[in-house]
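> Task: produce atomic coordinates for the following.
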Amino acid sequence: MGSNGVVLFHAHAKSRNLEPEKFRGIISKAVSVADYLRLDNGEEDPFANVDYIMRFENLADDFRAVCTAIGISPSTLPQYNRSNREHYSKYYDDELREFVRTRFAAEIERFNYAFEEQ
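Numbering: from 1, shown residues only. Now for the predicted structure:
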């Protein structure tokens, strides 16, 4: 899931041959951002617990904005482990897309993500 073709959840290059069931198991154990930020079980908007969320697909711009907001000079972020991968949608079947859509519904809604086909 991602906007602008950016991967939110994916099989890493080293695990390109990751079996769908193993990937599903990894996702089922992952803590969602909403759950991580939630301070109380009944909390309506766990995202309100932070001042700023940097999104990976906008990381450089978001990092500069946070640095500016707290009054420090932003440095250039290094880039590691760049690789050529297939479009992230190729790693998902219909069942896995629905599983991710359900498991991370709060993040998908909050950040207006949509699953892109290619």
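> Stretch 86-103: how far from the chain's middle?
13 Å (C-alpha atoms, centre = their mean, to the nearest Å).
> so where do the helices sit in this protein?
Assigned by DSSP state H, the chain shows helices spanning 20-29, 33-37, 59-70, 94-103, 105-110.
> I'd like to know which elements the first one is packed against.
So that's helix 20-29. Contact partners of helix 20-29 among helices and strands, from 3 or more C-beta pairs under 8 Å, 6 or more residues apart in numbering; DSSP states H and E: helix 94-103. Any C-beta I mention is one placed from the backbone N, CA and C, and that applies to glycine too.
> buried residues in the helix it packs on?
Residues of helix 94-103 classed as buried: Leu96, Phe99, Val100, Arg103 (neighbour count, 16 or more other C-beta atoms under 10 Å).
> The last one touches Ile27, doesn't it?
In this case it means Arg103. Yes - look at Arg103 against Ile27 with C-beta atoms under 8 Å: they come within range, at 6.0 Å.
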